[in-house]
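*Asks:* Sharing a model that was predicted from the sequence below.
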Amino acid sequence: MTRRGAVVLVWLLAVLAATAPRASAQSLPESLAGTAWRLIEFRSSEDEIAVLRPTDPSLYTMSLGENGSVSMRLDCNRASGTWSASTAGGSFGFGDLRMTRVVCQQPSLDQHIARHAEYVSSFMVRDGLLYLNLIADGGTYVWEPLGH
């Protein structure tokens, strides 16, 4: 590739990145944007796991920013990144999450949640609870509004 071709390619990538659709307050569901949640449980579709509950739910929190940012406390670790959702079809997804890697006292659900984050595909809000569902019926994380 010539130097001029490389410059044009870099310019084109910069333009595409600047114009790519991003989550905004207008495109995020009002029921989720600007909310904070505490983990109640993980409901697995696998019989040997069934339901996992945090020993201390206050150690597992999630804030969904109005600008599409997410910050999470996962026991002794922190995670941050992006989220997006659509009320049409109930889709939900996390973007890349950056997470600290402190070894928490066991039992801990921090690594469990971190492993599953990329597989969250849909959501539902029912009776004030947020249900984040994994693909292929892999399970559901149940969250309650923070402050309850």
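*Replies:* Yep, that arrived.
*Asks:* need the helices for the protein, in chain order.
*Replies:* With DSSP state H as the criterion, the chain has helices at 3-19, 110-116.
*Asks:* how near is Leu109 to Leu59?
*Replies:* Here the criterion is CB to CB, to the nearest Å. By it, Leu109 lies 9 Å from Leu59. The C-beta positions use only the backbone N, C-alpha and C, and glycine is treated the same way.
*Asks:* For the two, indicate the residue with more neighbours.
*Replies:* A direct count of neighbours by other CB atoms under 10 Å for Leu109 and Leu59 places Leu109 higher, at 21 against 18.
*Asks:* For the more buried one, give me phi and psi.
*Replies:* Phi and psi for Leu109, reported as degrees, to the nearest 10, are phi -100, psi 10.
*Asks:* can you tell me which residues contact the residue most central in space within the chain?
*Replies:* Nearest to the mean C-alpha position of the chain, by CA atoms, centre = their mean, lies Phe94 at 4.0 Å. Contacts of Phe94 were listed using CB atoms under 8 Å, 6 or more residues apart in numbering, and they are Val70, Gly81, Thr82, Trp83, Ala117, Glu118, Val120.
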